[in-house]
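Participant: Here's my sequence, what's the structure:
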Amino acid sequence: MKLVPNVGPVRFALRLALLALLLGIAAYYTPTRYILNAPGQAEDLATVIHVPGVTPPPDGHLFMTTVIYERANLLFCVYALMDRSAQLLPEQYTPYYRPKGQHEPGSCPTRTAPRR
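Facilitator: The predicted model follows:
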């Protein structure tokens, strides 16, 4: 008795592709307790900034850089393992970590002076 039915190579490749797609979707929606910190894109600002009457120097560039800083799902964790410039940070050690129930995101918690 065979455990795997005899299928052609095309059908096997389609099943393998479907399995990879389902695993990728599951990894995207699986949350973790980590924050992904990775470099983003660098955009050349020569196309955005124009100063009338001034020509930019030919040997210089001005770039705006971005940083990706967001809650990591399982797919981002795999990405961080493969990319040396990406970091996975535990959420409690990040500056934006708020324990549940402390305060809403975007609002400032009130600070009171210590009593003497």
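Participant: In this protein, where's the longest strand?
Facilitator: For the chain, the strand with the greatest residue count under DSSP state E is strand 31-44.
Participant: Could you list the paired strands of it along with their orientation?
Facilitator: The strands that strand 31-44 pairs with in its sheet are strand 63-73 (antiparallel), strand 87-90 (antiparallel) (by DSSP bridges).
Participant: So which of the ones you listed is nearest residue 9?
Facilitator: strand 63-73 (32.8 Å; Cβ to Cβ). (C-beta placed from N, C-alpha, C; glycine too.)
Participant: how about that closest one as PDB, C-alpha atoms only?
Facilitator: Only the C-alpha atoms of strand 63-73 are listed here, as PDB (Å, rounded to 0.1, in the frame of the first residue of the first chain):
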ATOM      1  CA  PHE A  63      18.800  61.600   0.700                       C
ATOM      2  CA  MET A  64      15.900  61.100   3.200                       C
ATOM      3  CA  THR A  65      16.300  57.800   4.900                       C
ATOM      4  CA  THR A  66      13.500  55.800   6.700                       C
ATOM      5  CA  VAL A  67      13.500  53.100   9.300                       C
ATOM      6  CA  ILE A  68      11.000  50.300   9.600                       C
ATOM      7  CA  TYR A  69       9.900  49.900  13.200                       C
ATOM      8  CA  GLU A  70       6.800  47.800  13.600                       C
ATOM      9  CA  ARG A  71       5.500  44.700  15.400                       C
ATOM     10  CA  ALA A  72       6.900  41.600  13.800                       C
ATOM     11  CA  ASN A  73       4.900  38.700  12.600                       C
END
